[in-house]
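Engineer: Kindly generate the corresponding structure for this input.
(6 chains)
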Number of protein chains: 4
Amino acid sequence: MTRWANALPSRAEQSDMKRKAIIREAARVFNKRGSHGTTLDDVADRLGVTKAALYRYVDNKNDLLVGCHEEAMDIANEQLGIGEREGRNGLEKIRIGMAGYLRIMIGDMGVPVLVLEENALAEGTAGPIIALRDAFEKRLRGLVEEGIRDGSILPVNPKLAVFMLLGALNWVTKWYSPEGAWTPEQASSAMIELATRAFAAEPDALASELHRSITPFNAPRQKRKR
Amino acid sequence: MTRWANALPSRAEQSDMKRKAIIREAARVFNKRGSHGTTLDDVADRLGVTKAALYRYVDNKNDLLVGCHEEAMDIANEQLGIGEREGRNGLEKIRIGMAGYLRIMIGDMGVPVLVLEENALAEGTAGPIIALRDAFEKRLRGLVEEGIRDGSILPVNPKLAVFMLLGALNWVTKWYSPEGAWTPEQASSAMIELATRAFAAEPDALASELHRSITPFNAPRQKRKR
Amino acid sequence: MTRWANALPSRAEQSDMKRKAIIREAARVFNKRGSHGTTLDDVADRLGVTKAALYRYVDNKNDLLVGCHEEAMDIANEQLGIGEREGRNGLEKIRIGMAGYLRIMIGDMGVPVLVLEENALAEGTAGPIIALRDAFEKRLRGLVEEGIRDGSILPVNPKLAVFMLLGALNWVTKWYSPEGAWTPEQASSAMIELATRAFAAEPDALASELHRSITPFNAPRQKRKR
Amino acid sequence: MTRWANALPSRAEQSDMKRKAIIREAARVFNKRGSHGTTLDDVADRLGVTKAALYRYVDNKNDLLVGCHEEAMDIANEQLGIGEREGRNGLEKIRIGMAGYLRIMIGDMGVPVLVLEENALAEGTAGPIIALRDAFEKRLRGLVEEGIRDGSILPVNPKLAVFMLLGALNWVTKWYSPEGAWTPEQASSAMIELATRAFAAEPDALASELHRSITPFNAPRQKRKR
DNA sequence: AATGAATGAGCTTTCATTCAT
DNA sequence: GATGAATGAAAGCTCATTCAT
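Structural biologist: Predicted coordinates:
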């Protein structure tokens, strides 16, 4: 016998959804102010609960931070997987994968990717996260090398190329604001097109409307301090 | 009568040098761990003094943070000035200026540039710093527009181009390590060459040796946690 | 359904009572050692809690100090109001009002009145407190003038008379000890009788038993040092 | 052979004068803000020297505090001695002695008398000071008793009378300002006349001009906080 | 499940004290 | 004699974490 014809999520599912919501909200704030600059009260406030309530779903602040990184890496890997399936060469795979990553990253419902801060993770917990991140970067480097081999990407130092790309993309969380003039789709496709052109073997002109219509706009900046 | 033939700096000069040293060291740590994640003990330890000693040269932690940003913007503007004088078109001006900026930023004796963290600056002090940063970004955008006009740069959204470039460059402090295989000069010129190729009107192949000799290397990563 | 037939104070009421208790205890220590000489640990120790617990009920040390002054002025005004209603002339009004004030001030459960220390209040917070105190002194001066008019008080400089009276009364917290030989009632009525005799138009002999039985006693003094 | 015909104070005398000056200035500030609320920098600033310079003349802050109390008790005893020689009965002796004490206490060049704060003196040093103060109070009580015997003072509890008197007088440092309308002489004689009237056997009307001309005036109050 | 309350550890800042110059 | 510099010990305040309700 099922209650409410399964329209209600089960207890366990609800709990899981809440943990996800906490992680998503935390990642957003961590991204803006750094994990050290963010208190659990900050996170709880945004969720409309008290700090103590968070501890039902998260072991401690470090666990929350780990969760953020894991979630981010999951999404990144998933999107990169899509790119690998859909792209026809190294460059395309990167473009598709990272565009998806970036779109989710800054999209309203998405999980903002978190920049790995040195020393922010507790003693024993950094290892697995670093391994995840290194694996992701390696996978990305592999696509760069594939692109070099298939001629879609210029001979380039793959490590440097990946760093350049990640820098440009991760930086987006610092300046992008949903209240600005650009939709997540516009911003991410224009940014990907631009950044990957740096190592494209046969760079074209930029096709995104953001580049063709060079209208001034207002990107929101830093505001004030508490 | 002069002592030591004026080889010794005067007391006031020494004091000034110490303040500079504090700011430089602080910026380095702030960059790695974020300003909230850095304690004044961290900074003092690296300088071999006690926390209290810092207070002779700095009003408080926020003042130190402000000092870091000011110093960074000074250097950035100075280097951009050099680029403007020496470059023959918009693209060259950006390349020369930002290469200098990046080289100093990661050079051992240099002043690491600090990423502006949201909410990290105290109530009244954020304004002037944000103004400085905005002015710098505007100046950079001006060079992009100049490059578009003189044909050295592709039609591109200047704001997006500047964000891309700054993201790629500021990211360098996250992964660059002086103990790694690359000198600051190598890393910065290779990175600049790569990143600016994204909007160069006539992109060439990459000339830096870093790109031609695609040797794997080990960039140091995260180490331990407190 | 009510628990314990409402015999238990609600959470909000308990919270309010705790804040009151903190203020009362703080005022006692502030009076003895001055606010600068008192640490929040001192206050917390006396209440059997930790320093951090105070911060649930008080914004900061200055807020606590302000709270003490407000509470004290409330009581002073309240008692003076009683004096004004019950006394038949200026002198009697002062005697009744200030006797009540003094009795509460040194009574065990009472709220010790706090001497306003110069510069002890933070930047913006001194104004309202000073205004309260000035208003109280003015009210007291008004009663002196009333007494002069109705013949109960000698022609005297009202300002000086009020200063004299307040000096004698506020001083009591410095020497009075509940462990001594005098009850709060004895001490306060004898002191009031004596001090107001200074400006009484027709001074009688002193009626309090404290004055008739001139027994030596031991007032406790300074004890220890940190 | 004497230098400068002894017009110059000797080295030792100069040193002694400086110590006196430090103590005098310190007492003034201690009186206003309490000893805990006063830093050695405060004292040094008022003297136009650096904090470190004080240590040539004073062992430490506690020594300075002790010095203040000793100086104050010296003056108090000296003035009381004058009263004892010149007064014809107990009341007159108190009036003359305490008027001198008060005049010096608030006079511009005088040594402000310091209120003994509980716990302000270091572990072993409180004893002698307390003994000095107790001796002084006892001496004062003796004069009250003498006055009772010779008929100049009403039967009164001597301890209470002394507390009342000292309270009224010590309070003066809280409100008296040299910039106000009253000279030290006016203020002290009017205050003494008023306060001692409380226990005078045959109280007269108040003779001081301050009492006869009941003009409003502006006594300066608390100002602001740093 | 969630909250208010309490705590201990840590951080920024101040200050008495010492020392080399 | 006096000063700038440095230090260690506190004090005010914050915050992650726990617990009773």
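
Engineer: Tell me if the strand or helix carrying residue A:28 is near DNA strand E.
Structural biologist: Using DSSP states H and E, residue A:28 sits within helix A:11-33. Yes. Judged by C-beta under 7 Å from any atom of the strand, helix A:11-33 comes into contact with DNA strand E through A:11, A:14-15, A:18. C-beta coordinates here come from the backbone N, C-alpha and C atoms, glycine included.

Engineer: Also stretch A:40-52?
Structural biologist: Yes. With C-beta under 7 Å from any atom of the strand as the criterion, DNA strand E is reached by stretch A:40-52 at A:49-52.

Engineer: Tell me the spacing between residue A:192 and residue A:165.
Structural biologist: 9 Å (C-beta to C-beta, to the nearest Å).

Engineer: overlap in contacts of those two?
Structural biologist: Common contacts of residue A:192 and residue A:165 (C-beta atoms under 8 Å, 6 or more residues apart in numbering or on different chains): residue A:98.

Engineer: before we move on, the earlier item: can I get the residues of stretch A:40-52 next to DNA strand E in CSV with neighbour count, pLDDT and secondary structure?
Structural biologist: What follows is the residues of stretch A:40-52 next to DNA strand E, written out as CSV (neighbours: other C-beta atoms under 10 Å in any protein chain shown; pLDDT from 0 to 100; DSSP: H, G, I helix; E, B strand; the rest coil):
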residue, neighbour count, pLDDT, secondary structure
A:49, 14, 96, coil
A:50, 12, 96, coil
A:51, 13, 97, helix
A:52, 9, 96, helix
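
Engineer: tell me, which of these make contact with DNA strand F?
Structural biologist: Among these, the ones lying near DNA strand F by C-beta under 7 Å from any atom of the strand are A:51-52.

Engineer: nearest to chain D, of the residues of stretch A:40-52 next to DNA strand E?
Structural biologist: Chain D lies nearest to residue A:51 out of the residues of stretch A:40-52 next to DNA strand E, by C-beta to the nearest C-beta, at 33.7 Å.

Engineer: mind checking the backbone torsions on residue A:200?
Structural biologist: phi -70, psi 140 (degrees, to the nearest 10).

Engineer: How about the one 3 residues further on?
Structural biologist: The phi and psi torsions at residue A:203 (degrees, to the nearest 10) take the values phi -70, psi 130.

Engineer: got a list of what it touches?
Structural biologist: Contacts of residue A:203 by C-beta under 8 Å, 6+ apart are A:197, B:197, B:203.

Engineer: Repeat that for residue A:61.
Structural biologist: Contacts for residue A:61 (C-beta under 8 Å, 6+ apart) come out as A:35, A:40.

Engineer: what's the distance between it and residue A:25?
Structural biologist: For residue A:61, the distance to residue A:25 equals 14 Å [C-beta to C-beta].

Engineer: ditto for residue A:140
Structural biologist: Counting by C-beta to C-beta, the gap from residue A:140 to residue A:25 is 27 Å.

Engineer: for the helix or strand bottoming out on mean pLDDT in chain A, packing partners?
Structural biologist: Lowest by mean pLDDT, DSSP states H and E among the helices and strands of chain A is helix A:209-212, with a mean of 80. Helix A:209-212 is packed against helix A:184-196, with contacts defined by 3 or more C-beta pairs under 8 Å, 6 or more residues apart in numbering or on different chains; DSSP states H and E.

Engineer: so residue A:120, which of the three states?
Structural biologist: Secondary structure, DSSP: H, G, I helix; E, B strand; the rest coil: residue A:120 is coil.

Engineer: Could you look up the SS state of the residue nearest to it when sequence neighbours are not counted?
Structural biologist: Leaving out its chain neighbours, the residue that sits closest to residue A:120 by C-beta to C-beta, 6 or more residues apart in numbering or on different chains is residue A:35, at 4.9 Å. Under three-state DSSP, the three-state class of residue A:35 is coil.

Engineer: does residue A:35 really touch residue B:37, like I thought?
Structural biologist: Yes. The criterion here is C-beta atoms under 8 Å, and residue A:35 meets it with residue B:37 at 7.4 Å.

Engineer: Looking at those two, which one has more neighbours?
Structural biologist: In this view residue A:35 and residue B:37 are compared by other C-beta atoms under 10 Å in any protein chain shown, and residue A:35 has more residues nearby, 24 against 19.

Engineer: Contacts only, for that one.
Structural biologist: A:61, A:65, A:114, A:117, A:120, B:34, B:37.

Engineer: interface residues of chain A facing DNA strand E?
Structural biologist: So far as C-beta under 7 Å from any atom of the strand goes, chain A lies against DNA strand E at A:11, A:14-15, A:18, A:49-53, A:55-56.

Engineer: returning to that earlier point: tell me which two of the contacts of residue A:35 sit farthest apart.
Structural biologist: Within the contacts of residue A:35, A:61 and B:34 form the most distant pair, 14.6 Å apart (C-beta to C-beta).

Engineer: from the middle of its chain, how far away would stretch A:133-152 be?
Structural biologist: Chain-centre distance of stretch A:133-152: 18 Å, with C-alpha atoms, centre = their mean, to the nearest Å.

Engineer: Appreciated, that's everything.
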